[in-house]
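Q: dropping the sequence and predicted coords here.
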Amino acid sequence: MRIYKVGGAVRDRLLGKPVTDIDWVVVGATTEEMLAKGFRPVGVDFPVFLHPKSGEEYALARTERKSGRGYGGFTFHASPEVTLEEDLIRRDLTINAMAEDDQQNLTDPYHGQRDLEARLLRHVSPAFAEDPLRVLRVARFAARYATLGFTVAPETLELMRQLSESNELEALTPERSWKEISRALMEDQPQVFVEVLRACGALKVLMPEVDALFGVPQPPAHHPEIDTGAHTLSVLQQAAIHKQPLTVRWACLLHDLGKGLTPEQEWPRHIAHEFKGLKLIKAVNERFKVPRDCQELALLVGEYHTHGHRAHELKPSTLLELLQSFDVFRRPQRFEEFIAACEMDARGRKGLEEKSYPQADYLRGAATAARNVAVQPLLEQGFKGPELGEAIKRERLKALKTYKEKA
Ligand code: CTP
């Protein structure tokens with residue numbers, strides 16, 4: 001049996017990037033031999049094993065053949081006769097289809113190294129089309145390596161377009177899609193992920209609500225970039241520059257969905273887009289079974305981002321309602337994430353990226369002022385139950401009035 005390092009570990013070593021997890025391929029072995037050496041079987045779908053000590057993944061070399069729609073729709077063939085080249089040809093990108101032995105000798109039959117140098121994400125063979133998830137993977141790699149100058153090869157983009165136009169993407173499970181989307185959003189240039197999906201027509205299938213923002217104008221006085229799609233991409237880019245967490249990045253992507261619903265005769269204004277967008281945000285959240293914290297923040301940011309921008313103009317009662325909507329007294333962190341998303345929204349405008357955002361500190365100060373209202377004196381005055389709730393609210397309102405006057 002011969003064992004090779006494959007995939008991301010080889011690619012990232014050649015790129016001079018840190019290698020986190022290593023995948024191995026085993027040529028010339030049977031399942032029985034692997035078990036006899038103490039490997040633990042893990043693959044439900046494929047003959048994959050975990051190394052008894054390192055826990056790394058070892059897969060028997062295999063070929064795959066598509067037999068139906070979606071992820072489950074293919075059969076594989078693993079046997080000691082399957083060669084390394086046969087295993088590599090079924091993989092997604094040439095830069096992911098290189099193997100290395102323990103002497104660091106490279107096996108690179110599909111010219112991955114050449115494409116690494118040319119900064120090209122290129123599919124290995126027509127077998128690319130056998131897993132539609134690869135459309136998202138390529139877009140994710142584009143987001144990750146954009147800074148290094150990588151782009152998607154035109155023929156690969158064309159194949160991605162064909163896959164998007166067929167109904168293959170619809171067969172992806174929410175879990176697999178979300179895994180790719182969430183990883184892509186955490187890359188250095190998450191906006192490139194959206195751009196690539198749009199360029200191949202996948203955005204229209206996966207998130208038509210985001211796709212619809214392109215070509216929708218906004219008032220140039222507030223939005224020098226004008227186009228709502230371009231704005232959304234910039235907001236996402238700012239979120240990455242400012243190292244925001246996934247919750248904030250997801251909220252940034254979805255915050256303006258309502259603008260896609262504005263009738264053309266109302267352009268470039270988008271009256272009540274915050275509220276109108278909520279049902280779209282909910283639909284996207286549900287489509288990908290998005291984790292609860294991301295779902296919640298996206299909805300709150302969608303509904304209240306304009307409040308954030310207008311913070312200084314809000315009446316104390318509106319400020320208090322805002323703070324209550326976020327349950328800021330129990331969940332201060334979520335309000336911080338809201339503030340961050342608002343700031344990214346403001347910075348995601350052409351030429352205004354460096355403009356300060358005083359609303360952030362103003363909102364933080366308001367939250368602190370309301371939170372500092374002491375409950376003990378009210379209890380001592382004998383307030384209980386709903387009356388106590390009302391008394392706390394009154395005191396918080398007073399505190400916010402004072403805060404606003406002093407600010
Ligand atoms: N692979 C593939 N098609 C997929 C998933 C994986 O061809 N849909 C192959 C690629 O050769 C890939 C390898 O399996 O390099 C390992 O996959 P994975 O661990 O998911 O990705 P990595 O390439 O290691 O990338 P990452 O750094 O994102 O983990």
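A: Cool, got the structure.

Q: what's the distance between the closest residue to L169 other than its chain neighbours and A391?
A: The shortest distance from L169 to any residue other than its chain neighbours is 4.8 Å, reached at V205 (CB to CB, 6 or more residues apart in numbering). (Glycine included, C-beta is placed from N, CA and C.) From V205 over to A391 the distance is 53 Å, taken as CB to CB, to the nearest Å.

Q: just to revisit the earlier point, the residue nearest to L169: how many residues sit nearby?
A: Per other CB atoms under 10 Å, the neighbour tally for V205 reads 21.

Q: secondary structure element holding it?
A: helix 202-206 (DSSP states H and E).

Q: packing partners of that helix?
A: helix 133-145, helix 154-165, helix 190-199, helix 208-211 (3 or more CB pairs under 8 Å, 6 or more residues apart in numbering; DSSP states H and E).

Q: can I get those helices in CSV with distance to the ligand and mean pLDDT?
A: Formatted as CSV, those follow (distance: least, CB to the nearest ligand atom, whole Å; pLDDT from 0 to 100):
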stretch, distance to the ligand, mean pLDDT
helix 133-145, 5, 98
helix 154-165, 12, 98
helix 190-199, 13, 98
helix 208-211, 23, 98
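
Q: show me where the stretch 1-150 of the chain has its strands.
A: 2-6, 23-27, 40-41, 48-50, 57-60, 62-66, 74-78, 99-100, 106-107, 120-121 (DSSP state E, counting those that start in this stretch).

Q: in TSV: those strands, plus distance to the ligand, mean neighbour count and mean pLDDT.
A: Below are the strands of the stretch 1-150 of the chain laid out as TSV (distance: least, CB to the nearest ligand atom, whole Å; neighbours: other CB atoms under 10 Å; pLDDT from 0 to 100):
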stretch	distance to the ligand	mean neighbour count	mean pLDDT
strand 2-6	6	19	97
strand 23-27	5	20	97
strand 40-41	18	12	93
strand 48-50	11	20	94
strand 57-60	8	21	94
strand 62-66	9	15	80
strand 74-78	11	15	79
strand 99-100	10	22	98
strand 106-107	13	15	98
strand 120-121	12	22	98
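
Q: mind putting the ones you listed into TSV with distance to F214?
A: What follows is those, written out as TSV (distance: least, CB to CB, whole Å):
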stretch	distance to F214
strand 2-6	38
strand 23-27	37
strand 40-41	47
strand 48-50	40
strand 57-60	39
strand 62-66	32
strand 74-78	34
strand 99-100	40
strand 106-107	41
strand 120-121	23
